[in-house]
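Engineer: sharing a model prediction with you, sequence too.
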Amino acid sequence: MCFVLFDIPKFPKKIYNSVTKTLKGIKKMEFSYDNPTAIEFGKGKIKELTNKISKDKKILLVYGGGSVKKNGSYDQVVKALENHTFFEFSGVEPNPSIETMHKALEIVKKENVDFILALGGGSVIDGCKYLAAAAKYDGDAWDFLDGSAEVQDALPLGVVLTLAATGSETNHLTVVSKTETGEKRMYFSNYSYPQFAIMDPSFMATLSDRQLGNGLVDAFVHTSEQYITYPTTALVNDGYAETLFRGLVKLSDTWEDRRTDAWLENLMHIANQALNFQIGAGVPQDWSTHLIGHELTANYNLDHARSLAVVQPYLLEVMGEEKKEKIAQLGKNVFGIENNNAAVIEAMEKVYNKVGVPTKLTAYEIDDKVIENVSNALIKNGYTEIGENGTITLDKVSTILTMSMK
Ligand code: NZQ
Ligand code: ZN
């Protein structure tokens, strides 16, 4: 018998390309993993940019609201490209909108741009993944988000990363919003892998504490969503995920060192590894904290990581029976807690709180329609039975949000 274990509605199964076969109770791994993104990691690695893009390419350099001009990355990129032809597009907002990216698309078309260079964090990168695919599509590229079309081609994309959190720099996931309808959606495509990612932790020096805390929490939840499901026989996945967890716990314990090179390097490295989908290959996954969190961001503009931290502890409590073995394993191997799953969830909350990220929805300006708004959006997206077993239904989502507001 063969089960697809994380068949989230609207995501074509082959996108995940990962199943676990159950044979008389023995779980057998099976997966495909093909990540073509080259990584250049470390201080000064921007010098590699010059040779990463052929000189006959017409490049569109894309960035956000201007932080890149304060952290030195913009100047370094411009210098590295001094003998290349490039145009610029700025103003990609956090939680990037397709409306903004359509303005960039006009430049791509007008100037016959044939290479996209993203300079920034997850929002700029995701906006550029969408742009690269939209440039090669005749219809409305929102089709990729509502599942009515799959990406068949895309312009080549390179990334210079300035914020450690999402892992978008070396993965095939795109998350964008449509301002017109207030929707935030995602899609996977192998055409979305960047050709390269330049990751210089020194560009993170200008990040605020809030952004550093957000990055740590996002990476923790990414690791969780590929780990806290039910036990498998996958030793590599479990062992590596636990290494990433322990690294993040250590970073939260040494929060006072967050401006040191070593701290920033480790956050950049761990956040990257937490979402290149390697730890999720061949094992069940549960992206429900993200699916619920995305609706909180879409409706109430919570930072992405903050939307996760107000959902996950209560989701783990509500789903505690189905997830009890992996919560216990996390407790034992990461926090040194045995036979007390409630204490494990508390320990996770403490990690988030230590880096300044609240775990209660009441920390934000929300209204009394939050459950209704999130539920309606989940219904609209077809996410009414989520989680690794499809058992997180809307009544459970309602309980989770209610607990977060107590
Ligand atoms: O716009 P600028 O001026 O650049 O400022 C940005 C932005 O305001 C600023 N920033 C970036 N680098 C900086 C800096 N400020 C000072 N110094 C620097 N070095 O940080 C702010 C937030 O940036 P953003 O890119 O939005 O953050 P993040 O990397 O957390 O990305 C969040 C987006 O990624 C999506 C989220 O939903 C959200 O839309 N995600 C993408 C994923 C993926 N593609 O794999 C997975 C994630 O789970 C997530 O859903
Ligand atoms: Zn995330």
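Structural biologist: Sure, I can see it. Ligands and ions are numbered 1, 2, ... in the order given.

Engineer: count the neighbours of Arg306 for me.
Structural biologist: By other C-beta atoms under 10 Å, the residues close to Arg306 number 25. All C-beta spots, glycine's among them, are computed from the backbone N, C-alpha and C.

Engineer: what distance do you get for it to Lys55?
Structural biologist: Taking C-beta to C-beta, to the nearest Å as the measure, Arg306 falls 42 Å from Lys55.

Engineer: same question, Asp218
Structural biologist: As judged by C-beta to C-beta, Asp218 and Lys55 stand 36 Å apart.

Engineer: ok, Arg258 next?
Structural biologist: Distance of Arg258 to Lys55, given as C-beta to C-beta: 39 Å.

Engineer: between these two, who's got more neighbours?
Structural biologist: The neighbour comparison of Arg258 against Lys55 (other C-beta under 10 Å) goes to Arg258, with 18 against 10.

Engineer: so which strand or helix has the nearest residue to Gly293 once chain neighbours are set aside?
Structural biologist: With C-beta to C-beta, 6 or more residues apart in numbering as the measure, Ser307 is the residue that lies nearest to Gly293, at 3.5 Å, once sequence neighbours are left out. Element membership for Ser307 (DSSP states H and E) is helix 304-309.

Engineer: show residues contacting that helix.
Structural biologist: Outside helix 304-309, the residues within contact range by C-beta atoms under 8 Å, 6 or more residues apart in numbering are 95, 122, 165-166, 213-218, 221, 289-290, 292-294, 296-297, 352, 357-359, 364.

Engineer: which parts of this structure sit against ligand 1?
Structural biologist: 64-68, 71, 94-95, 120-124, 126, 162-163, 165-168, 171, 173-175, 203-204, 206-207, 211, 214, 275, 290, 304 (C-beta under 6 Å from any ligand atom).

Engineer: check contacts around Thr206.
Structural biologist: Counting by C-beta under 8 Å, 6+ apart, Thr206 has contacts Ser67, Lys70, Asn71.

Engineer: ok, now how distant is the last one from Phe203?
Structural biologist: Meaning Asn71. Asn71 is 5 Å from Phe203, by C-beta to C-beta.

Engineer: do the same with Gly158
Structural biologist: According to C-beta to C-beta, Gly158 and Phe203 sit 15 Å apart.

Engineer: any idea how the protein splits into domains?
Structural biologist: 38-203, 209-404 (automatic domain parsing).

Engineer: ends of the longest one, how far apart?
Structural biologist: This points to domain 209-404. One end of domain 209-404 to the other measures 24 Å (C-alpha to C-alpha, to the nearest Å).

Engineer: same question, the first one
Structural biologist: Taking C-alpha to C-alpha, the span from the opening residue of domain 38-203 to its closing residue is 19 Å.
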